[in-house]
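S.K.: heads up, no residue letters with this:
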């Protein structure tokens, strides 16, 4: 197969080509063997393929496709170009570069300089369509992918970890798939339908089930005023009784987005969003008048949102928003121990949806406690009616608002909201209108 080398030959070739010593070669051999052993523990036994990038797009795409078609373990080494038009298999709805349909571990192997393998360009370099397979993608660097780096369309168990995604190019094609008027980018997307969930929409959520983990990735998206750029986006995963999802988005570092950094909507199962570090940048995209929240958790799902660090420079949206609707109510989220800095510039005029943490719409019995909110926004904590849908039985306990300046009030509860408990929070000063 073009571009495929013997697994143990690669480090020796790298060493001898650069004049390295034998001990360096042996060390590389040992590291690669350990990588192969570790990557195989949770996957079915299969062939091991090493693919070395050539920088020639048609060669590289074909070589990677041939390797993943074998399943098992695929090791990528060097520089890959995916900078050619995407393909669309027969009867497929969406374009992509490489289709992953079998159980596979795709791992990056660093070169003699310690550099990660890099994949340049391509409209969604990896499109995962294996509803009965477990797939793992580890240690790859994506540079300027179009639309996004990884689209998980269907899988039964997923790990995306230790990848680096840089400069995702917004795509009018993805915007069209999502029924948006503007170009859209989503660095990592999980879901069988890129249209935001709504009443009557066919989500095919049963396509994505099992443990779905996105861990310890570096994501630097980018985007201009009219671009809609997101970090990690999850639409409609899991379906009872036997296709539930256990979603874990943890330890990721996300920056320079114009829309939601972490957008989770409709999970039949548990969703854990923790230890992520997010910095928005100054630009809020074209939907800024709606709700471009930093972390957004909506609809069904048992959400646990904890230990995240958020720096939002936007004049709009919430640091964390939990939201339900009449067709997809939300309940029992836990939002705890998050550190939120609302750091819009001085003299910013904040929009009506500006908040540190907000509960909105048909959302009930949520607990918001021990969070720290500082900086400037319209309000630090908010409970808001959405289209006549009223949040009930939500609790705010022991949140630290010292160092926060509100343009309206530190805590805002909409007029028709009932059974809200607010206790023990520490504020910089009392609101003169009595709405603290």
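M.R.: All right, it came through fine. Everything quoted here is computed from the prediction, not taken from an experiment.

S.K.: can you pull up the most central residue in the protein?
M.R.: With the centre of the chain defined as its mean C-alpha position, the nearest residue by Cα atoms, centre = their mean is residue 232, 1.7 Å away.

S.K.: in which helix or strand does it reside?
M.R.: Using DSSP states H and E, residue 232 falls within strand 228-237.

S.K.: strand partners (parallel or antiparallel) of that strand?
M.R.: As defined by DSSP bridges, the strand partners of strand 228-237 come to strand 184-190 (parallel), strand 262-267 (parallel).

S.K.: average pLDDT across the next helix-or-strand element following that strand?
M.R.: Sequence-wise, the next helix or strand downstream of strand 228-237 (DSSP H and E) is strand 245-250. The average of the pLDDT scores along strand 245-250 is 98.

S.K.: just want the angle from strand 245-250 to strand 228-237.
M.R.: Using axes from the mean of the first three to the mean of the last three Cα atoms, to 10 degrees, one finds that strand 245-250 and strand 228-237 are set 150 degrees apart in direction.

S.K.: circling back: buried deepest among the strands paired with strand 228-237, which one?
M.R.: Most buried of the strands paired with strand 228-237, by mean neighbour count (mean count of other Cβ atoms under 10 Å): strand 184-190, with a mean of 29. In this view, the C-beta of every residue, glycine as well, is placed from N, C-alpha and C.

S.K.: starting at the chain centroid, how far to it?
M.R.: The chain centre lies 7 Å from the centre of strand 184-190; the measure is Cα atoms, centre = their mean, to the nearest Å.

S.K.: low-confidence ranges, this protein, go.
M.R.: Judged by pLDDT under 70, the chain has its weakly predicted residues at 1-46, 287-291, 428-436.

S.K.: which strand in it runs the most residues?
M.R.: When the chain is parsed with DSSP state E, its longest strand is strand 150-161.

S.K.: which elements pack onto the helix or strand following that strand?
M.R.: Using DSSP H and E, the helix or strand that follows strand 150-161 towards the C-terminus is strand 164-166. The elements that strand 164-166 packs onto, with contact taken as 3 or more Cβ pairs under 8 Å, 6 or more residues apart in numbering; DSSP states H and E, are strand 141-143, strand 218-220.

S.K.: check what contacts the helix or strand that comes right after strand 164-166 and list those residues.
M.R.: Downstream of strand 164-166, the next assigned helix or strand under DSSP H and E is helix 172-177. Surrounding helix 172-177, the residues in contact under the criterion Cβ atoms under 8 Å, 6 or more residues apart in numbering are 94-95, 123, 146-148, 181-186, 194-195, 228.

S.K.: buried among those residues? Make that a PyMOL selection.
M.R.: Buried residues within these, as defined by 16 or more other Cβ atoms under 10 Å, are selected in PyMOL through the command that follows:
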select buried, resi 94+95+123+146+147+148+182+183+184+185+186+194+228
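
S.K.: comparing the helices and strands packed on strand 164-166, which comes out most buried?
M.R.: strand 141-143 (a mean of 23).

S.K.: got the contact list for it?
M.R.: Counting by Cβ under 8 Å, 6+ apart, the neighbours of strand 141-143 from elsewhere in the structure are 108, 116-121, 125, 149, 163-167.

S.K.: parallel or antiparallel, list what pairs with it.
M.R.: In the sheet, strand 141-143 lines up against strand 118-120 (parallel), strand 164-166 (parallel) (DSSP bridges).

S.K.: list the helices and strands the next helix or strand after the first one packs on?
M.R.: Toward the C-terminus, strand 118-120 is succeeded by strand 126-130 as the next helix or strand (DSSP H and E). With contacts taken as 3+ Cβ pairs under 8 Å, 6+ apart, strand 126-130 sits against strand 98-100, strand 150-161.

S.K.: I'd like those strands as a markdown table, with mean neighbour count and distance to residue 223 appended.
M.R.: Supplementary listing: those in a markdown table, determined by neighbours: other Cβ atoms under 10 Å; distance: least, Cβ to Cβ, whole Å:
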| stretch | mean neighbour count | distance to residue 223 |
| --- | --- | --- |
| strand 98-100 | 24 | 25 |
| strand 150-161 | 24 | 18 |
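
S.K.: as TSV, these with distance to residue 284 would be great.
M.R.: Formatted as TSV, the helices and strands packed on strand 126-130 follow (distance: least, Cβ to Cβ, whole Å):
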stretch	distance to residue 284
strand 98-100	33
strand 150-161	25
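
S.K.: which of the ones you listed sits closest to residue 280?
M.R.: Between residue 280 and those, the shortest separation by Cβ to Cβ is 21.8 Å, and it involves strand 150-161.

S.K.: and residue 214, how many neighbours?
M.R.: Residue 214: 29 surrounding residues under other Cβ atoms under 10 Å.

S.K.: oh sorry, the question was meant for residue 297
M.R.: Residue 297: 27 neighbours (other Cβ under 10 Å).

S.K.: from memory it sits against residue 331, does it?
M.R.: No. With contacts counted by Cβ atoms under 8 Å, residue 297 stays clear of residue 331, the gap being 11.6 Å.

S.K.: circling back: so the residue nearest to the centre of the chain sits right up against residue 257, yeah?
M.R.: No. Using Cβ under 8 Å as the test, residue 232 is too far from residue 257 to be in contact (9.9 Å).

S.K.: sheet partners, orientation included, of the longest strand of the chain?
M.R.: Looking at strand 150-161 with DSSP bridges, what it pairs with is strand 126-130 (parallel), strand 135-138 (parallel), strand 184-190 (parallel), strand 208-215 (parallel).
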